[in-house]
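Asker: what would the 3D arrangement of this be:
(one chain, ligands or ions: 1)
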Amino acid sequence: MPELSHFIHGEHVSGTSGRSREVFNPVRGEVTSHVPLASLDEVSAAVDSAQRAFPEWSAINPQRRGRILLKWVDLIAQHRDELAEMLSNEHGKTFEDAKGDIQRGVEVVEFGAGAPHLLKGEFSHSVATGMDVHSLRQPLGVVGGITPFNFPAMIPLWKAGTALAAGNTFVLKPSERDPSVPLRLAELALEAGMPPGTLNVVNGDKEAVDALIEDPRVKAVGFVGSTPIAQAIYSAAAAAGKRAQCFGGAKNHMVIMPDADLDQAADALIGAGYGSAGERCMAISVAVPVGEATAQALREKLEQRIAKLRVGPSLDPTSDFGPVVGADAKERIENYIGIGAQEGAELVVDGRGAQVEGYPNGYWVGATLFDHVTPQMRIYKEEIFGPVLCIVRAADYEEALRLPTEHEFGNGVAIFTRDGDTARDFTSRVEVGMVGVNVPIPVPIAYYTFGGWKASGFGDLNQHGTEGLKFYTKTKTVSTRWPSGLKEGASFIMPEGS
Ligand code: NAD
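Answerer: Residues are numbered from 1 along each chain as shown. Have a look, this model is predicted:
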């Protein structure tokens, strides 16, 4: 059974804590490797390495750092299929979807190659007699990233790409469920020319995360994962005097207005609700049709499409989505389906007990559809994080707007309509961080910024884009006066000597 490692100072390092956990292939439900769970000392060694790498990496001028980032992008592209297969095998998402996971991460690294421009400060001439002021952005030093299982390439690349572009060195603690892709990305970073220690990977669980937060040499932590942990890490990081941006769970709504193209809306809902088995923080889990006629027509279209959906092996190109990540995830999702039925929602399509021929132990959950869900139900209030779509029928636009606005989570939301005025009103009034108009999964492109509101995000600066650069840099403001200079005392006479 392969034993995975940490990646510290440019080398694979075996775990020494004596603790490890199994990594599964969710299609087969089989253990494929063991991942070490780092102790405090192992995390400390990774931070030490990043601390030693910082002077060299931060002193490289940003344009040259950018070239190294672009070389990293090239290497990731060269190895894209290998990485995507590795990703599918540990996560369970389809091969094509895994390529998207990698691509959306790479785009942020490409954006980071623009660091020379992004790190420019401000300058004001003559703020007082003979005095100028300028500001500069400097890297923080060693920074840490703690990432979830559901985007094992994209989110580590979002965090590390931005932090490294700004001149920081980085310690990544990826999800222990699918650690192979992050380890491979760190190898490729070294090959691209990053000095050893610039990007370290320590595998682990709460113990490693606590060690990162408590280490005074780590100046900032970026977290993505579930809300209770995001909130706990945000508080602990603040108490330890470091900056933190912590992104949590979601319950993303899609409002379907009576004037929407219902075929387009149904197609969008199927992709956004069931793609990646619903294990996306921007997945749509609540459909809000406005008016009974819209609800009825939409439900019929969804049922027709769900009947054709195929859950299957991740590497089979005919699969629409793969298994969920683990036996515990399958149990949790199936539990929620039971709860929804008990709560009185109408279980239109039940994905429990799904089977795929040839893979009896895979973590399969079929596409599930509930109708007549109400805001009081647990299946509406809580994040299920699986292929479960809930229809909440709204009588009118105002009720539809209130649902995502008043929900505890505020990550993403979408509205489908042909009316510009409705869309404009919705985008300005809804209390959610990322909004799509006829776009079901409005993940902002690399040069914008990603972040949810309310219980979906803690901290004031978002991930990637210029906000990401701000998060990973500190501003220094310099006031300069040169009271006297050579020009006053300059001599125009040839000195005669003593
Ligand atoms: P998770 O919270 O279980 O784990 C996330 C990370 O935290 C992992 O690296 C894990 O090892 C670590 N961790 C787990 N328990 C911990 C603890 N007690 N103390 C400290 N660290 C701990 O999340 P997950 O299951 O890997 O990912 C799914 C969740 O992530 C969903 O809630 C999803 O909505 C969310 N997510 C949010 C975003 C976003 O940008 N808002 C993006 C992707 C995923």
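
Asker: Gly141 and Thr169 touch, don't they?
Answerer: Yes: taking contacts as CB atoms under 8 Å, Gly141 lies within contact range of Thr169: 7.4 Å. Bear in mind the C-beta positions are built from the backbone N, C-alpha and C, glycine included.

Asker: tell me which of these two has more neighbours.
Answerer: Each of Gly141 and Thr169 has its neighbours counted (other CB atoms under 10 Å); Thr169 has more, 29 against 18.

Asker: in the stretch 201-350 of the chain, what residue comes closest to the ligand?
Answerer: Gly225 (2.6 Å; CB to the nearest ligand atom).

Asker: is it true that that residue touches Asn150?
Answerer: No: Gly225 lies out of contact with Asn150 (CB under 8 Å); the separation is 9.1 Å.

Asker: sorry, back to before: which residues do Gly141 and Thr169 both contact?
Answerer: Common contacts of Gly141 and Thr169 (CB atoms under 8 Å, 6 or more residues apart in numbering): 51, 54.

Asker: got the residues of the stretch 51-200 of the chain near the ligand?
Answerer: Counting by CB under 6 Å from any ligand atom, the residues of the stretch 51-200 of the chain close to the ligand are 146-151, 173, 175-176.

Asker: take these and keep only those in strands.
Answerer: 146, 173 (DSSP state E).

Asker: and the residues of the stretch 51-200 of the chain next to the ligand, which is closest to the ligand?
Answerer: Nearest to the ligand among these, counting by CB to the nearest ligand atom, is Pro148 at 3.1 Å.

Asker: what are the phi and psi angles of the closest one?
Answerer: Main-chain dihedrals, Pro148, degrees, to the nearest 10: phi -90, psi 170.

Asker: got it, and Phe151?
Answerer: Main-chain dihedrals, Phe151, degrees, to the nearest 10: phi -130, psi 80.

Asker: ok, it touching Ile102?
Answerer: No: in this structure Phe151 lies outside contact range of Ile102 using CB under 8 Å: 9.5 Å.

Asker: looking at these two, which one has more neighbours?
Answerer: Phe151 (28 against 24).

Asker: ok, the more buried one - contacts?
Answerer: 101, 104-105, 280.

Asker: of Gly225 and Asn150, which one has the most company?
Answerer: When Gly225 and Asn150 are compared for neighbours, Asn150 comes out ahead with 25 against 21, by other CB under 10 Å.

Asker: residues touching the closest residue in space to that one that isn't next to it in sequence, list them.
Answerer: Excluding the flanking residues, the one nearest Asn150 by CB to CB, 6 or more residues apart in numbering is Glu279, at 4.8 Å. Contact analysis of Glu279 by CB under 8 Å, 6+ apart lists 93, 149-150, 324-325, 329, 385-386.

Asker: over to Arg67?
Answerer: Arg67 neighbours (CB under 8 Å, 6+ apart): Ala113.

Asker: how about the secondary structure of it?
Answerer: helix (DSSP: H, G, I helix; E, B strand; the rest coil).

Asker: do you know how far the most centrally placed residue in the chain is from Asp101?
Answerer: Taking CA atoms, centre = their mean, the centroid of the chain lies closest to Ile155, which sits 3.9 Å from it. If you measure Ile155 against Asp101 using CB to CB, to the nearest Å, the figure is 9 Å.
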